[in-house]
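Colleague: Dropping the sequence and predicted coords here.
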Amino acid sequence: MAPRLTARLTQTASGGGCACKIPPGELRALLAGVDLPGSDALVVGADTGDDAAVVRLDGGRAVVSTVDFFTPVVDDPHDWGRIAATNAMSDVWAMGGEPLVAVNLVTWPRTSLPMELLTEALRGGARACAEVGVPLAGGHSIDGPEPVYGLAVTGLADPDRLLRNDAAAPGTALSLTKPLGLGVLNNRHKATGEAFPEAVEVMTSPNRDASRAALAAGIRAATDVTGFGLLGHLATMMRASGTTAALDVDAVPVLAAAVASLGEGYVPGGSRRTLDWVRPDLDPGEAGEDALLLLADAQTSGGLLLGGEVPGAPVIGEVVPRREDGALVVLRGRTPRPV
């Protein structure tokens with residue numbers, strides 16, 4: 001049984017999950033002032049905002065490198081560890097790679113939180129890695145003011161069969177492999193302590209099989225939907241690909257409890273920041289503000305957004321040529337579909 005706190009774990013940090021990300025507009029401005037070194041072997045770097053870096057080796061192989069970590073998104077430390085590890089490995093799957101090895105990254109306020117809670121989080125991360133056959137080999141930890149956990153993950157991929165966010169082609173379908181609404185439910189959990197097992201189930205479900213199915217189907221364009229929400233990641237993909245997305249709002253799946261929670265005012269700040277950032281590139285059509293907030297909802301360990309179709313993933317729109325007015329995302333319909 002996990003050790004108990006008098007204060008809930010999510011109350012020990014100012015934010016939670018992927019909603020803690022630096023807003024995308026600020027991040028882009030920040031990186032514009034940094035001259036990142038490259039090399040001829042660098043296949044995917046930071047220029048398109050993709051999910052991981054890819055470096056070509058010999059013999060048709062490439063290394064995929066990524067890192068992801070965040071403060072507690074749920075009160076159960078074991079579930080937090082599972083979610084954080086699953087989320088970190090997802091970046092490799094989002095590139096069409098297979099995780100090869102992972103190492104832990106930890107910040108822990110050792111004088112104010114029991115170390116047993118960290119042990120439980122690490123057990124959760126180890127469990128998530130073991131379930132998909134990824135070795136977890138040590139890591140790095142520091143003493144800090146808020147609890148933070150995640151992984152640095154190294155993977156392998158075929159450099160000529162990557163999933164990339166700059167490869168979306170007009171005439172292809174857009175599919176989404178997990179429902180939205182995780183940010184809203186995590187925000188409600190943080191505020192009230194109410195548990196949402198369906199959200200934990202989604203966040204701990206690995207994107208491995210969806211990635212493999214995408215490669216088998218010949219798909220070349222993909223990204224995972226995390227802290228910048230569906231709208232933010234979709235706009236980034238369209239910008240990188242020189243295309244526009246026609247998004248069928250009514251086809252987008254969202255957890256039913258999130259719809260009700262949104263109506264009661266539980267919206268992460270990160271979701272509002274993403275919506276404000278994407279508005280200049282968005283044609284909202286008839287979609288109202290609540291629908292836009294769900295589409296911009298900051299996901300933690302969300303699904304894959306694919307430029308193509310795979311079994312079991314709903315088609316939520318299509319890629320079309322870039323609109324003359326420069327809009328990156330055009331919405332059709334009004335309300336996401338509760339599931």
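Modeller: Nice, I can see it.
Colleague: Against residue 103, how distant is residue 130?
Modeller: 15 Å (C-beta to C-beta, to the nearest Å). From N, CA and C alone the C-beta is placed, and that goes for glycine too.
Colleague: Oh, that last question was meant for residue 84, not what I typed.
Modeller: From residue 84 over to residue 103 (counting by C-beta to C-beta), the distance is 13 Å.
Colleague: Give me the common contacts of the two.
Modeller: residue 151 (C-beta atoms under 8 Å, 6 or more residues apart in numbering).
Colleague: The two: who's more crowded?
Modeller: residue 84 (32 against 15; other C-beta atoms under 10 Å).
Colleague: would that one count as being in a helix?
Modeller: Yes. Assessed with DSSP: H, G, I helix; E, B strand; the rest coil, residue 84 lies in a helix.
Colleague: was I right about it contacting residue 67?
Modeller: No. The pair residue 84 / residue 67 is not scored as a contact, 11.4 Å apart, by C-beta atoms under 8 Å.
Colleague: Please enumerate the shared neighbours of those two.
Modeller: 150, 151.
Colleague: which residues in the stretch 51-200 of the chain form strands?
Modeller: Per DSSP state E, counting those that start in this stretch, the stretch 51-200 of the chain has strands spanning 53-56, 62-70, 98-108, 136-143, 148-157, 173-176. These are given in chain order.
Colleague: Same question for the fifth one: list its buried residues.
Modeller: Neighbour-count burial for strand 148-157, with 16 or more other C-beta atoms under 10 Å as criterion, is recorded at 148, 149, 150, 151, 152, 153, 154, 155, 157.
Colleague: Bridged to the closest residue to residue 111 other than its chain neighbours, which residues?
Modeller: On the basis of C-beta to C-beta, 6 or more residues apart in numbering, the spatially nearest residue to residue 111 that is not a chain neighbour turns out to be residue 143, at 7.9 Å. Beta-bridge pairing for residue 143 (DSSP bridges): residue 108.
Colleague: ok, back up a step: any chance of the strands of the stretch 51-200 of the chain in JSON lines, with distance to residue 189 too?
Modeller: Output for the strands of the stretch 51-200 of the chain, formatted as JSON lines (distance: least, C-beta to C-beta, whole Å):
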{"stretch": "strand 53-56", "distance to residue 189": "33"}
{"stretch": "strand 62-70", "distance to residue 189": "14"}
{"stretch": "strand 98-108", "distance to residue 189": "21"}
{"stretch": "strand 136-143", "distance to residue 189": "26"}
{"stretch": "strand 148-157", "distance to residue 189": "17"}
{"stretch": "strand 173-176", "distance to residue 189": "23"}
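Colleague: wait, which of the ones you listed is closest to residue 196?
Modeller: strand 62-70 (17.6 Å; C-beta to C-beta).
Colleague: angle of the closest one against strand 98-108?
Modeller: For strand 62-70 against strand 98-108, the angle between stretch directions is 30 degrees (axes from the mean of the first three to the mean of the last three C-alpha atoms, to 10 degrees).
Colleague: what about the chain, any weak spots by pLDDT?
Modeller: 1-7, 16-21, 24 (pLDDT under 70).
Colleague: Surely residue 49 touches residue 236?
Modeller: Yes. In this structure, residue 49 is within contact of residue 236 by C-beta under 8 Å, at 5.0 Å.
Colleague: Between those two, tell me which one has more neighbours.
Modeller: residue 236 (22 against 19).
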